[in-house]
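Novice: show me how the following folds:
(chains A, B and C)
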Amino acid sequence: MAASSSLLTYSLQEHASTETAIKRCKGYMYGNLCSSYSRIGYSKTKFLTSAKFSHNENSSNWEHIQKSPMRNEILCRAVEIENSLSPFVSKKFELDDVIESQQFDREILNDIFDVAHDMEKIEKSSSKSQMLKGYLMATLFYEPSTRTRLSFESAMKRLGGEVLTTENAREFSSAAKGETLEDTIRTVEGYSDIIVMRHFESGAAKKAAATAGIPIINAGDGPGQHPTQALLDVYTIQREIGKLDGIKVGLVGDLANGRTVRSLAYLLAKYQDVKIYFVSPDVVKMKDDIKEYLSSQGVKWEECENLMEVASECDVVYQTRIQRERFGERIDLYEQARGKYIVDKNVLKVMQRHAVVMHPLPRLDEITVDVDEDPRAAYFRQAKNGLYIRMALVKLLLLGW
Amino acid sequence: MAASSSLLTYSLQEHASTETAIKRCKGYMYGNLCSSYSRIGYSKTKFLTSAKFSHNENSSNWEHIQKSPMRNEILCRAVEIENSLSPFVSKKFELDDVIESQQFDREILNDIFDVAHDMEKIEKSSSKSQMLKGYLMATLFYEPSTRTRLSFESAMKRLGGEVLTTENAREFSSAAKGETLEDTIRTVEGYSDIIVMRHFESGAAKKAAATAGIPIINAGDGPGQHPTQALLDVYTIQREIGKLDGIKVGLVGDLANGRTVRSLAYLLAKYQDVKIYFVSPDVVKMKDDIKEYLSSQGVKWEECENLMEVASECDVVYQTRIQRERFGERIDLYEQARGKYIVDKNVLKVMQRHAVVMHPLPRLDEITVDVDEDPRAAYFRQAKNGLYIRMALVKLLLLGW
Amino acid sequence: MAASSSLLTYSLQEHASTETAIKRCKGYMYGNLCSSYSRIGYSKTKFLTSAKFSHNENSSNWEHIQKSPMRNEILCRAVEIENSLSPFVSKKFELDDVIESQQFDREILNDIFDVAHDMEKIEKSSSKSQMLKGYLMATLFYEPSTRTRLSFESAMKRLGGEVLTTENAREFSSAAKGETLEDTIRTVEGYSDIIVMRHFESGAAKKAAATAGIPIINAGDGPGQHPTQALLDVYTIQREIGKLDGIKVGLVGDLANGRTVRSLAYLLAKYQDVKIYFVSPDVVKMKDDIKEYLSSQGVKWEECENLMEVASECDVVYQTRIQRERFGERIDLYEQARGKYIVDKNVLKVMQRHAVVMHPLPRLDEITVDVDEDPRAAYFRQAKNGLYIRMALVKLLLLGW
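Specialist: Reported below is the predicted structural model:
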């Protein structure tokens, strides 16, 4: 909150450029009390120039993205409205969009987790359960991911918002029609207040965010990012273990291809005294880029062949699925890899009482079903935490802190 | 209502086991006034042991299904909350889930029909039309059935509730991923308050109910059950004819494969002095199990070749579609069977003034379109009654009586 | 408004027939204050005979369509209710359904545009944003059109209404089942208050409207009509240019196959002193029927080969996509046609300051992307206007003026 407060002061006082004025306007517009939201909100898309920026000074690779040009009279009216409303509105969220894990530093993660935790406590007929009344989310899925889509749609509806759904977004750019992603986004942003996008191409979410005048959330873009998954994983560790500094995490399974474990390793590097164990079949070992990154951040890591040993040491055993589709024709290598590290009752026996088993789901047989009934099986709670994280992000992007 | 009242007393006073305490807690939690619903509701899934049971003592084959284990501290908190709320909450519905026709006896059917009839009278902007505000239904369809899905979604929305939709639920367990139904249910129950499931495998709904901590409604599981269809059929007879005791029903068409007519025959056996006529081509005759069941229950039945004769006798002519897909390669047998018994104007002529024609829809040509305009054509009203029955069931499962 | 007022007087005083009584009842029932809506509304479908009619006396080809017969007692009750409510309700919209452009004359267009303009100003948490609370739209799409579907669903939800979605409506009449469109409509109207239908067959919407007791909106029926697109085009010209009388419009691209430009030409003929330029490759020239119609209505039109010349003259350059699918095997003709008339920066240079470029979307390369940033690029605003037009139509059909 301090962070966001200082940011707000900064944007209100230290800049006088056109861009800043618009940024300020955009921030206020998301406030609950902005009585002119819809009119200006609807105009924004067409006219605003706005810089996308990250609150995190470390993430310099998160570049400023230019919006399309504007007409001056619109700008002027927007600034006027800003001034008249400023005493009432909530503080803007530092991010305009949620595109990649690199946007989040430790401080903002912590604040988001506080909001997520508040979300757990919202009661069914309370006024908080209607905080997004009148807001519309469009879920724009270029490939099906029912689990992720339902989680986002539930998040929106649990806060009183509404959803426009499509799992058929490829139809926008079907062979016969060939519309660009940018044109699709410009159309859909006319119908909604926030877009959750799943795409098959890495970088698609960033492209969409550069075009859109409304917030974009990346719900996975091909082999690229799936930032809400990374956030819910870290949130789950925090909720289950009670801390992030000083934890020991065993990452198990397909570490070469799993974007989940890569993102998790990346985010864990933001905390103190973290120790990571990599436990994986030879063919799907963690790649060097992450190892080098961890070393550069002072994170201790170790490759280990013995799951039992790691399990007895760790606070978190994070199991993943060996994905057949990554092996192409080499079914033999797949079969060899998938059976090697299974989390079962024997693994539970050596784990500490406070430790937990996590998994991004879906699972096949890499965790046996008899593990489910152990209180340390945290994976369904983890899936549920995805709901709270998404509620928090949608709330923050639309209403601010 | 008396029935449910006595049940409530029973569960409050005569048991002191862990299971009963939880069951009581579960009942209260669905009440309108439970201010801690969401927190406990969300925990329940992870921890509760609860026995599924039927109010109907006759249905002993509806076995107790064990839920997953719990942590004691959660149980204690649940029981505390129960006590503090008990004076305010409504009476729990006797069923935790709607899985099969065998769960319903005459008394509970009657009570459900009363609620369904109340549903017909709910006005658009009345407070009753918002009774499920804040509740989320997930429709989990493993095969498309647009008619049934829309009926359930309309039921939920007519009561102010919200819906998460998927007609693509097979994607959860796609070849590449292979998630079990149980895992899918555990995930989806985290996002919603009630699950309506359509599946291609008999028994899938029961399996889902055994896993879920929230209510499951079976919207058809393959060749198995489709209990809401059976209920709406009986409700329609009651609404159209004004009684169920003493009625005469002609079941026409594909009696061998139609789960609709089989379920209907089963439920009609709960009433007094019912007479059933079976009118079907030889290849799709009613099977012996139902005939024997009817006889054992003292229901008179008769096989009859003459539709006109039956039509002149009956209160209800229940026509069904001969399903081509049941005949495989034997198109000749199909063609022979489908044309044999058609309900047309000539059939109407011999029917009594108060009698009605019913059909589960969709129809092809087994009822001619000129029948539609006759007031005795009840099949579109029957479809509409499906809405009221589903409104009633959703209300009862989520809020109790 | 005057028009509708006189219509109302007419229907209240000059007729005493059964049909008129019902029509009056139907009108009132859509009013906000009709406390008995749901009961009667639900009955209507089954019993009412009602004439569909157009307010526009010119459109005599919009014939009266008979509804299904009724029971007298229902009629009587409906009329009673009408009388008791008449002082409170809003004025009925002149149309029961929106099926084709021919239903609209200049006066009603103008009134609809006023309502659409009001829609732009509705604020997020105002009471107007909830005016359709309790109403259900079913979107019944027999072929996917995500853009159109999202636009209608957004319109409904922006007014507080709810939506039942299917993009899978073909499943209703799948090979195995073979249900007629009429039967599907009779079922779906039992679940909803208004149906938006997209179909692959010309005339399907009219057929649906003839069956339904609730309003039908045609969201495109094959090569037939797409009236809401035509309305949003005319509305956009009015909003962007400020007038319709006296405007000069250049229609560019595929004028032979594009139903959009044909409908637009048809509607423009209702205004004074309009001049239309046709700019198209030889193979896709505007057909004679429209040219003859324009001449008969006194509209000046001209075929022109020089896009620059037309662009410098016109208030509106309406570009369209050359549709590959119209050329079958003749890819050579397609390639030749598609590159011929491109709207780019050079075209913008000759256009007047107040003029605009429109396009029904999706676009390929017939407008270059560098045009997007010019304030005269109106096509995304045009898409957004589709939302307002659809909000207006849904409001008018359900609540009246």
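Novice: mind checking how far stretch A:240-250 is from the chain centre?
Specialist: Put simply, stretch A:240-250 sits 20 Å off its chain's centre (Cα atoms, centre = their mean, to the nearest Å).
Novice: what's that stretch in contact with?
Specialist: The contact list for stretch A:240-250 (Cβ atoms under 8 Å, 6 or more residues apart in numbering or on different chains) reads A:234, A:237-238, A:264, A:268, A:271-277, A:279, A:304, A:307, A:310-311, A:313-318, A:354-356, A:358, A:378, A:381. All C-beta spots, glycine's among them, are computed from the backbone N, C-alpha and C.
Novice: out of those, which are buried?
Specialist: Buried members of those, counted by 16 or more other Cβ atoms under 10 Å in any protein chain shown: A:234, A:237-238, A:264, A:268, A:271, A:274-277, A:279, A:307, A:310-311, A:313-318, A:355-356, A:358, A:378, A:381.
Novice: filter those residues down to the ones near chain B?
Specialist: A:Arg381 (Cβ under 8 Å from any Cβ of the partner chain).
Novice: can you give me the helices for the stretch 51-200 of chain A?
Specialist: Per DSSP state H, counting those that start in this stretch, the stretch 51-200 of chain A carries helices over the ranges A:72-85, A:106-120, A:146-158, A:181-188.
Novice: state the helix or strand in which A:Ala392 lies.
Specialist: Element membership of A:Ala392, judged by DSSP states H and E, is helix A:379-399.
Novice: now that helix against helix A:146-158, angle please.
Specialist: 50 degrees (axes from the mean of the first three to the mean of the last three Cα atoms, to 10 degrees).
Novice: what's the average pLDDT for helix A:379-399?
Specialist: Taken as a whole, helix A:379-399 has a mean pLDDT of 98.
Novice: per-residue confidence at the closest residue to chain B within the stretch 1-150 of chain A?
Specialist: Across the stretch 1-150 of chain A, the shortest distance to chain B (Cβ to the nearest Cβ) belongs to A:Lys124, at 4.0 Å. The model reports A:Lys124 with a pLDDT of 87.
Novice: that one - how many residues pack around it?
Specialist: 19 (other Cβ atoms under 10 Å in any protein chain shown).
Novice: centroid residue for chain A?
Specialist: Compute the mean C-alpha point of chain A, and by Cα atoms, centre = their mean the closest residue is A:Thr228, 2.2 Å away.
Novice: list the contacts of whatever residue of the stretch 251-400 of chain A ends up closest to chain C.
Specialist: Of all residues in the stretch 251-400 of chain A, A:Leu398 sits closest to chain C, at 10.3 Å by Cβ to the nearest Cβ. Listed by Cβ under 8 Å, 6+ apart, the contact set of A:Leu398 reads A:Tyr30, A:Leu132, A:Tyr135, A:Gly161, A:Asp193, A:Ile194, A:Pro215.
Novice: for the residue nearest to the second one when sequence neighbours are not counted, what are its contacts?
Specialist: When you say that, I think you mean A:Leu132. Leaving out its chain neighbours, the residue that sits closest to A:Leu132 by Cβ to Cβ, 6 or more residues apart in numbering or on different chains is A:Gly161, at 3.5 Å. A:Gly161 makes contacts with A:Leu132, A:Lys133, A:Gly134, A:Tyr135, A:Leu136, A:Met137, A:Val394, A:Leu398, as judged by Cβ under 8 Å, 6+ apart.
Novice: which bits of the stretch 1-150 of chain A sit near chain B?
Specialist: Proximity of the stretch 1-150 of chain A to chain B (Cβ under 8 Å from any Cβ) is limited to residues A:120-125, A:129, A:144-147, A:149-150.
Novice: could you rerun that using 7 Å?
Specialist: For the stretch 1-150 of chain A, the residues found near chain B under the criterion Cβ under 7 Å from any Cβ of the partner chain are A:Glu120, A:Lys121, A:Ile122, A:Glu123, A:Lys124, A:Ser125, A:Ser129, A:Pro144, A:Thr146, A:Arg147, A:Leu150.
Novice: strands of the stretch 201-350 of chain A, start to end?
Specialist: Shown for the stretch 201-350 of chain A, the strands assigned by DSSP state E, counting those that start in this stretch span residues A:216-221, A:248-252, A:275-279, A:300-303, A:316-319.
Novice: dump those strands to a markdown table, plus mean pLDDT and distance to C:Lys287.
Specialist: Shown next, in a markdown table, are those (pLDDT from 0 to 100; distance: least, Cβ to Cβ, whole Å):
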| stretch | mean pLDDT | distance to C:Lys287 |
| --- | --- | --- |
| strand A:216-221 | 96 | 43 |
| strand A:248-252 | 98 | 66 |
| strand A:275-279 | 98 | 69 |
| strand A:300-303 | 97 | 71 |
| strand A:316-319 | 98 | 65 |
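Novice: okay, those in JSON lines with distance to A:Ala209 next?
Specialist: Below are those laid out as JSON lines (distance: least, Cβ to Cβ, whole Å):
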{"stretch": "strand A:216-221", "distance to A:Ala209": "4"}
{"stretch": "strand A:248-252", "distance to A:Ala209": "29"}
{"stretch": "strand A:275-279", "distance to A:Ala209": "30"}
{"stretch": "strand A:300-303", "distance to A:Ala209": "32"}
{"stretch": "strand A:316-319", "distance to A:Ala209": "29"}
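Novice: spell out which parts of the stretch 51-200 of chain A neighbour chain C.
Specialist: Applying Cβ under 7 Å from any Cβ, we find that the stretch 51-200 of chain A lies next to chain C at A:68-69, A:71, A:133-134, A:136, A:138, A:162, A:164-166, A:168-169, A:171-172, A:176-179, A:183, A:186-188, A:190-192.
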